[in-house]
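Asks: got a predicted structure here, sequence first:
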Amino acid sequence: MTRTDTDICVIGAGSGGLSVASGAAQMGAKVVLIEKGEMGGDCLNTGCVPSKALLAAGAQGTDWDAAHAHVRRAIDTIAPHDSQERFEGLGCTVLRAHARFTGPRTLEAGGTTVRARRFVIATGSRPFVPDIPGLADVPYLTNETIFDLAEKPEHLVIIGGGPIGIEMALAHRRLGCSVTVIEGAKALGKDDREAAELVLARLRDQGIAILEDAPVTGVSGKAGRIDVATEGGHTVTGTHLLIAVGRKANVEDLGLEAAGVAYTDKGLETDARLRTTNRRIFGVGDINGGAQFTHVAGYQGGVAIRPAVLRLPARARTDHIPWCTYTDPELAHVGLTEPEARAVYGGRLETVRAEFSGNDRAIATGDTEGFIKVHVAGSKPVGVTIVGRNAGELIAPWSLALSQGLKLSAISGMVLPYPTMSEISKRASGNFYSPRLFENETLKRVVRILQRIVP
Ligand SMILES: Cc1cc2nc3c(=O)[nH]c(=O)nc-3n(C[C@H](O)[C@H](O)[C@H](O)COP(=O)(O)OP(=O)(O)OC[C@H]3O[C@@H](n4cnc5c(N)ncnc54)[C@H](O)[C@@H]3O)c2cc1C
Ligand SMILES: NC(=O)c1ccc[n+]([C@@H]2O[C@H](COP(=O)([O-])OP(=O)(O)OC[C@H]3O[C@@H](n4cnc5c(N)ncnc54)[C@H](O)[C@@H]3O)[C@@H](O)[C@H]2O)c1
């Protein structure tokens, strides 16, 4: 057993852990980074990158092998950025082993005992596999296996209509598979209902069957013929089954008890600084069980660095987090959803909107389907949904506005090139101010007086 003393020890080399390790090392801290699997974690290897690459490949053509080659190329192209070599180049000591705490200030990983001033747990999450009768006896795929599938499914049945289920449904439909999504509640249920309905309608137009309010009651069959039964006596038969019903935080086998770190099955218990119940140990990313996105893991990494490395106060916010589901049309959101905003602001909340069909660029390019909805409290946007072509790009100024606490006038006052899709944001903000400006009798009277008395 060798022994290493360090300033910061990061467990997990995914989006969260890599952010902390690179930032801390470049600020001059001594860093040990420990990864038991692939560098880059879920996002690079089994999440964001392969899923977006498969969606893009399917939009170009239906060749299964070519699509999977594209997925591989995308991962291989990005991998050097997350690699052991790069992090060693930044000055980190990288251990490729399973880490387990042995006490409040020590852990053990592959024959090395690491003692650190501060630890960051960024062990992420894995697919949650529900306790559905019969599931254990049939072959099924998860996000950890679906991107390596050699044969093209004739009929892919997906349990779960969240972002994973819906994106995988579109990717496989584009590649020529029959696809059925079985959702126990509402598909894309965390999103604005009207926007989600629009996306689901377009997916159905493309031939994807989406069953909602259909909790699965049992699974049976064998490879190549799998029956999925739902409440109400409906049975869907497919050749392959994908389970996409949420995530499970990787809290097990980490020695958290020895470290004095409290957790539930949702993840670590952390405070606003992302400190666990052991003040020297922080949690970032999916392990915290909140919004599970790469950019959130990166953001939390940046927050945790302040107290962990710089000994400065910090506060992780959740009211300015964006997300996007990469369907066609895309569905993007930032900040509070309408029910969340109503719960906070009640009758003070106003919602303004604008349609893609009223945007000149959208008319010119034929992308007229979609809308933007802005929830406004006082004069500040608190939540924005965009559904339409490139919604994930169009949400950017709103992410800035919410993170900086800008007023709506910051958006309506922008001068934008004409004709651009971005003008839709300006139009929605304008729709907030227009009635105040143009239906204001006092203003009209003042203007009339000014015209008469000022030469
Ligand atoms: C199919 C899919 C598509 C997605 N698409 C998007 C998207 O488009 N946009 C987006 O923002 N998010 C997306 N996500 C979510 C995103 O992938 C995660 O939120 C993100 O990867 C979380 O990063 P993390 O660092 O918390 O965890 P991870 O990336 O999971 O990294 C954790 C790392 O810790 C390692 N580890 C675990 N336990 C130990 C241990 N005891 N010792 C050593 N190492 C350990 C693991 O091997 C892993 O490499 C997607 C997820 C999936 C599954
Ligand atoms: N574009 C993106 O940013 C993106 C893409 C994919 C994944 N992700 C991240 O990964 C996380 C996990 O995605 P996910 O889609 O697995 O989880 P999810 O929790 O978002 O959705 C799971 C869905 O499965 C349904 N469900 C649960 N049990 C069921 C059952 N027994 N039968 C039928 N339906 C059932 C739920 O009602 C829910 O709608 C997301 O929350 C997101 O944070 C992000």
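Replies: Done, it's in. Numbering: from 1, shown residues only. Ligands and ions are numbered 1, 2, ... in the order given.
Asks: pLDDT below threshold where in this structure?
Replies: Within the chain, no stretch has pLDDT under 70.
Asks: around ligand 2, pick out the residues from it.
Replies: Applying C-beta under 6 Å from any ligand atom, we find that the chain lies next to ligand 2 at 130, 132, 159-165, 167, 182-185, 189, 215-216, 244-247, 292-293, 323-326. C-beta coordinates here come from the backbone N, C-alpha and C atoms, glycine included.
Asks: and those near ligand 1, which?
Replies: 164, 292-293.
Asks: okay, and which of the residues you listed map to helices?
Replies: residue 164 (DSSP state H).
Asks: which among the ones next to ligand 1 among the residues of the chain next to ligand 2 count as buried?
Replies: Listed as buried from these are 164, 292-293; burial here means 16 or more other C-beta atoms under 10 Å.
Asks: would you mark the buried spots in stretch 205-213?
Replies: Going by 16+ other C-beta under 10 Å, stretch 205-213 has these buried residues: 208-211.
Asks: dump the residue contacts of the residue in the chain that ligand 2 sits nearest to.
Replies: Going by C-beta to the nearest ligand atom, ligand 2 is nearest to residue 162 of the chain, at 2.0 Å. Contact analysis of residue 162 by C-beta atoms under 8 Å, 6 or more residues apart in numbering lists 187-190, 244-246.
Asks: again, only using 10 Å
Replies: Residues near residue 162 by C-beta atoms under 10 Å, 6 or more residues apart in numbering: 181, 183, 185, 187-191, 244-247, 325.
Asks: residues from the chain in reach of ligand 1?
Replies: Counting by C-beta under 6 Å from any ligand atom, the chain sits next to ligand 1 at 11-17, 34-37, 41-43, 47-48, 51-52, 98-99, 122-125, 143, 164, 250, 254, 285-287, 292-295, 297.
Asks: and the buried ones among those, selectable in PyMOL?
Replies: Typed into PyMOL, the next command selects the buried ones out of the residues of the chain next to ligand 1 (criterion: 16+ other C-beta under 10 Å):
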select buried, resi 11+12+13+14+15+16+17+34+35+36+41+42+43+47+48+51+98+99+122+123+124+125+143+164+250+254+285+286+287+292+293+294+295+297
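Asks: just the residues of the chain next to ligand 1: which are in strands?
Replies: In strands, judged by DSSP state E, the following of the residues of the chain next to ligand 1 are found: 11, 34, 99, 125.
Asks: looking at those, which is nearest ligand 1?
Replies: Taking C-beta to the nearest ligand atom as the measure, ligand 1 sits nearest to residue 99 out of these, at 3.8 Å.
Asks: do I have it right that that closest one meets residue 121?
Replies: Yes: the pair residue 99 / residue 121 is scored as a contact, 8.8 Å apart, by C-beta atoms under 10 Å.
Asks: any common contacting residues for the two?
Replies: 9-12, 107, 254.
Asks: redo the residues you listed as JSON lines? Include distance to residue 203.
Replies: Putting the shared contacts of residue 99 and residue 121 into JSON lines (distance: C-beta to C-beta, whole Å) gives the following:
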{"residue": "9", "distance to residue 203": "44"}
{"residue": "10", "distance to residue 203": "39"}
{"residue": "11", "distance to residue 203": "38"}
{"residue": "12", "distance to residue 203": "34"}
{"residue": "107", "distance to residue 203": "45"}
{"residue": "254", "distance to residue 203": "39"}
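Asks: quick one, what contacts the nearest residue to residue 41 once chain neighbours are set aside?
Replies: Excluding its sequence neighbours, the residue lying closest to residue 41 (C-beta to C-beta, 6 or more residues apart in numbering) is residue 14, at 2.2 Å. When contacts are counted by C-beta under 10 Å, 6+ apart, residue 14 touches 35, 37-45, 47, 82, 122-125, 250, 284-287, 294, 297.
Asks: quick one, domains of this protein?
Replies: For the chain, automatic domain parsing gives the domain ranges 2-39+83-127+248-310, 135-245, 322-438.
Asks: give me the phi and psi for the residue positioned nearest the centre of the chain.
Replies: The centre of the chain sits closest to residue 293, judged by C-alpha atoms, centre = their mean, with a distance of 3.3 Å. With angles defined as degrees, to the nearest 10, residue 293 sits at phi -130, psi 160.
Asks: got it, and residue 8?
Replies: The phi/psi pair for residue 8 (degrees, to the nearest 10) is phi -130, psi 130.
Asks: just the one 4 residues further on next, same as before
Replies: Residue 12 has phi and psi values of phi 110, psi 120 when expressed as degrees, to the nearest 10.
Asks: make 35 the starting number, not 1.
Replies: Renumbered: residue one is now 35, and that last one reads residue 46.
Asks: let's have the buried residues of stretch 239-247 in CSV, adding secondary structure.
Replies: As requested, the buried residues of stretch 239-247 are exported to CSV (DSSP: H, G, I helix; E, B strand; the rest coil):
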residue, secondary structure
242, coil
243, strand
244, strand
245, strand
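Asks: list the residues that contact the residue lying closest to residue 368 once chain neighbours are set aside.
Replies: Leaving aside its sequence neighbours, residue 368 sits nearest to residue 356 (C-beta to C-beta, 6+ apart; 3.8 Å). Neighbour list for residue 356: 325, 327, 329-330, 366-369, 418, 426, 429-430, 432-433, 436-437 [criterion: C-beta under 10 Å, 6+ apart].
Asks: hang on, isn't residue 472 packed against residue 481?
Replies: No: contact criterion C-beta under 10 Å: residue 472 and residue 481 do not qualify, at 11.0 Å.
Asks: thinking residue 346 is in contact with residue 336, fair?
Replies: No: under the criterion of C-beta under 10 Å, residue 346 is not in contact with residue 336, lying 11.9 Å apart.
Asks: next up, the contacts around residue 154.
Replies: 42-46, 50-51, 53-55, 58, 65, 67, 308, 310, 315-319, 321, 334-335, 338-339, 342-343.
Asks: re the thing from before, among the domains of the chain, which comes closest to residue 98?
Replies: domain 169-279 (4.3 Å; C-beta to C-beta).
Asks: next one: the closest one to chain centre, how far?
Replies: The gap between where domain 169-279 is centred and where its chain is centred comes out at 19 Å by C-alpha atoms, centre = their mean, to the nearest Å.
Asks: how about stretch 345-363?
Replies: 8 Å.
Asks: now do the buried residues in that stretch.
Replies: 348, 350, 354-363.
Asks: go on, stretch 181-195?
Replies: Buried, per 16+ other C-beta under 10 Å, within stretch 181-195: 181, 186-187, 189-195.
Asks: got the CA positions of that stretch in CSV?
Replies: Coordinates of the C-alpha atoms in stretch 181-195 are reproduced here as CSV (Å, rounded to 0.1, in the frame of the first residue of the first chain):
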residue,chain,number,x,y,z
PHE,A,181,-24.9,2.5,-28.3
ASP,A,182,-22.9,-0.8,-28.8
LEU,A,183,-25.9,-2.7,-30.2
ALA,A,184,-24.5,-4.5,-33.3
GLU,A,185,-27.8,-5.4,-34.9
LYS,A,186,-30.6,-3.0,-35.8
PRO,A,187,-33.7,-3.6,-33.8
GLU,A,188,-36.8,-4.3,-35.9
HIS,A,189,-39.0,-3.0,-33.2
LEU,A,190,-37.5,-1.1,-30.2
VAL,A,191,-39.8,-0.9,-27.2
ILE,A,192,-38.8,1.8,-24.7
ILE,A,193,-40.1,1.9,-21.1
GLY,A,194,-39.9,5.5,-20.0
GLY,A,195,-40.8,8.7,-21.9
